[in-house]
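**Q** turn this into a structure:
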Amino acid sequence: MTSRPSTSACGARQSIVSTTHAPTDARSKALYRNYLVALLSLVFAFNGVDRSALGLLLQDIKLSLHLTDIQLGLLNGIAFSLFYSVMGVPIGLLADRRNRVILISITTALWGLMVSLCAATTTFLQLLLVRVGVAIGESGCVPPSHSLIADHFSRGERAKATAVYYTIALLLSSLVGHLLAGWLNQLYGWRITFAILGAPGILLAVVTFFSLKEPRASRYSSQAKEILSDSDQPPTTAEALRFLWTNRTFRSLLLAFSLVYFFAYGIAQWQPAFFIRSYGLQTGALGTWFTLTSGLGATLGTYFGGDLVSRFARNDEGTQLAAAGIVYAAIGIISAGTYLASSYQTSFALIAIGTISGALTFAPLFAAIQTLVPSRMRAVSVALLYFAGNLVGAGLGPLAVGILSQAFQPYVGSASLRCALIAMCPGYLLSGWYFWRASRTVAQDIAAYASPANHSTVS
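**A** Next up is the predicted model:
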């Protein structure tokens, strides 16, 4: 008859097994975290492709559907951004309570389908309605993605992880939305271009659904739910909105982000039309130029922004946001030079410098917000940021440029769009001021409001 192993022997054996498997578990977690960021970056990249492409296609759509600059501003601005921003808030609230992976999968499939449907439209109203459908689908990408990334990376790692997320997304978005879309449009027209650009959304929706895991499913098992403290429970809508509004730093960042979107998005969406009207460039050449300047510029700026923060201002959100304020003040001057330049080559060089500078602020901004708010408000905080940015910024920015261009036309003729773009550039100074204000309060607000859960990763 065999004797039963002693308790100490069992404990030693379990300790050995645990030690043996620990490195494997750590490697598996690291691989999964990298895969999660890469896949969410792909989703984000194609999520933004049609907006990059639309700027290149505007002039051809205008001629094909006989539209005015104000109609283009509505199509490219408020019609899309109103629904994108309004739907983003309930989706963000839902993401803080429900399965984020399923949410991303459903909305990704929706925008993929609606982008392809743009090809079948024959009137301004039809295209407007389809763009509303695209907006509703695309609004479900960013808030839950930021929340998932923040759950898997600690406070000190978030800026770098966010930088990688934006770096991959911006590079691919530019390659497809500028380079590929520009040549597709020149060779086959805007309808075929839209049909092709929507297809990857369906595939990415399926891959996301079957390969990503919702960490709350394991963290909050039925047994664990019984012992959760009140702070772990998702806040009500009223509680979340009240908390975020009373947070001084979040209010300043909300205003800064909205102003950046207003001027940057308003200007960027009209840049292709400016180069076509002022220099006679075709969309294929334009797509190449924008890939080399805006695409690569945003990629380099975003990556190095996260890297610089990790090296020199780790866990120092005040310094990060102060630097962002200085950057946007400089962009106001750089941007004006873009439209005063005597050649398109000089204009594109200045676009590259401005894009790299602005992209340096992406990772610090979103990483600071994910650290500033409790873990169960991460998705809705990003949703509110994009709500204001898209409604006020992306919604009204392109429309403002269209209105200014049409207003200047009786006085300066074909140079009206150039004058409208120059008039928008000083606005960057105001956004820089609000970043600076946020830098003065962020340390105190993190200490006062941030949840301890913000400083840990998923178990």
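
**Q** so which helix or strand takes in Ala298?
**A** helix 296-312 (DSSP states H and E).

**Q** for the record, mean pLDDT for that helix?
**A** For helix 296-312, mean pLDDT rounds to 82.

**Q** and stretch 353-371, by the same measure?
**A** Across stretch 353-371, pLDDT averages out at 85.

**Q** kindly export the helix or strand encompassing Arg242 (C-alpha atoms) in PDB.
**A** According to DSSP H and E, Arg242 maps onto helix 237-246. Taking Å, rounded to 0.1, in the frame of the first residue of the first chain, the C-alpha atoms of helix 237-246 are listed here in PDB:
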ATOM      1  CA  THR A 237     -24.400  57.100 -17.300                       C
ATOM      2  CA  ALA A 238     -25.100  60.100 -15.100                       C
ATOM      3  CA  GLU A 239     -22.300  59.200 -12.700                       C
ATOM      4  CA  ALA A 240     -19.800  58.800 -15.600                       C
ATOM      5  CA  LEU A 241     -20.700  62.100 -17.200                       C
ATOM      6  CA  ARG A 242     -20.700  64.000 -13.900                       C
ATOM      7  CA  PHE A 243     -17.300  62.600 -13.000                       C
ATOM      8  CA  LEU A 244     -15.800  63.500 -16.300                       C
ATOM      9  CA  TRP A 245     -17.300  67.000 -16.400                       C
ATOM     10  CA  THR A 246     -16.000  67.900 -12.900                       C
END
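
**Q** how far out from the middle of the chain is that helix?
**A** 22 Å (CA atoms, centre = their mean, to the nearest Å).

**Q** and the contacts of it?
**A** Leu93, Asp96, Pro235, Phe250, Arg251, Val373, Pro374, Met377, Val380, Ser381, Leu384, Tyr449 (CB atoms under 8 Å, 6 or more residues apart in numbering). Backbone N, C-alpha and C define where each C-beta goes, glycine included.

**Q** do stretch 421-436 as well
**A** 252-253, 255-257, 259-260, 262-264, 266-267, 270-271, 274, 321-322, 324-329, 331-333, 335-336, 338-340, 361, 397, 400-401, 404.

**Q** just stretch 396-407 next, same as before
**A** For stretch 396-407, the external contacting residues (CB under 8 Å, 6+ apart) are 68-70, 72-74, 76-78, 81, 261-267, 269-270, 416-417, 419-421, 423-424.

**Q** mind doing that once more with 6 Å?
**A** For stretch 396-407, the surrounding residues in contact (CB atoms under 6 Å, 6 or more residues apart in numbering) are 69-70, 73, 76-78, 262, 265-266, 269-270, 416-417, 420, 423.

**Q** for stretch 319-338, same thing?
**A** For stretch 319-338, the external contacting residues (CB under 6 Å, 6+ apart) are 309, 313, 347, 350-351, 353-354, 357-358, 361, 364, 422, 425-426, 428-429, 431-432, 435-436, 438-439, 442.

**Q** and for stretch 175-193?
**A** Identification of contacts with stretch 175-193 by CB under 6 Å, 6+ apart yields 49, 52-53, 56-57, 60-61, 119, 282-284, 286-287, 290-291, 295.

**Q** hmm, which two among these are most spread apart?
**A** Spatial extent of the contacts of stretch 175-193 (CB to CB) is set by the pair Ala119 and Gly295 at 23.8 Å.

**Q** who has more neighbours out of the two?
**A** Gly295 (26 against 17; other CB atoms under 10 Å).

**Q** is that one in contact with Ser174, as I believe?
**A** Yes. Look at Gly295 against Ser174 with CB atoms under 6 Å: they come within range, at 2.4 Å.

**Q** anything in contact with each of these two?
**A** Both Gly295 and Ser174 lack any common contact, where contact means CB under 6 Å, 6+ apart.

**Q** closest to Ile149 out of the contacts of stretch 396-407?
**A** Closest to Ile149 out of the contacts of stretch 396-407 is Tyr265 (23.3 Å), distances taken as CB to CB.

**Q** which of the helices or strands spans the closest one?
**A** Judged by DSSP H and E, Tyr265 forms part of helix 248-268.

**Q** buried residues in the very next helix or strand once past that helix?
**A** Downstream of helix 248-268, the first helix or strand assigned by DSSP H and E is helix 271-279. The neighbour-count check on helix 271-279 (16 or more other CB atoms under 10 Å) flags Gln271, Pro272, Ala273, Phe274, Phe275, Ile276, Arg277 as buried.

**Q** try stretch 185-194
**A** Neighbour-count burial for stretch 185-194 flags Asn185, Gln186, Trp190, Arg191, Thr193, Phe194 (criterion: 16+ other CB under 10 Å).

**Q** for the helix holding Ala298, packing partners?
**A** For helix 296-312, the elements it packs on are helix 155-174, helix 344-359, helix 362-372, judged by 3 or more CB pairs under 6 Å, 6 or more residues apart in numbering; DSSP states H and E.

**Q** please identify the deepest-packed of these.
**A** Of all the helices and strands packed on helix 296-312, helix 362-372 carries the top mean neighbour count, a mean of 26, counting by mean count of other CB atoms under 10 Å.

**Q** what residue ranges in the stretch 51-200 of the chain score low on pLDDT?
**A** 77 (pLDDT under 70).

**Q** in it, mark out all the helices, start to finish.
**A** Per DSSP state H, counting those that start in this stretch, the stretch 51-200 of the chain carries helices over the ranges 69-76, 78-95, 100-117, 124-138, 142-152, 155-174, 181-188, 190-211.

**Q** dump the ones you listed to CSV, plus distance to Glu239.
**A** Formatted as CSV, the helices of the stretch 51-200 of the chain follow (distance: least, CB to CB, whole Å):
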stretch, distance to Glu239
helix 69-76, 36
helix 78-95, 11
helix 100-117, 20
helix 124-138, 26
helix 142-152, 17
helix 155-174, 23
helix 181-188, 43
helix 190-211, 30
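
**Q** relative to Leu39, which of the ones you listed is closest?
**A** Of those, nearest to Leu39 by CB to CB is helix 190-211, at 6.4 Å.

**Q** low-confidence regions, the stretch 201-350 of the chain specifically.
**A** Scanning the stretch 201-350 of the chain for pLDDT under 70 picks out 217-235, 237.

**Q** ok, now how distant is the residue nearest the centre of the chain from Tyr279?
**A** Taking CA atoms, centre = their mean as the criterion, Val142 is the residue nearest the geometric centre of the chain, at 5.9 Å. The gap separating Val142 from Tyr279 is 34 Å, by CB to CB, to the nearest Å.
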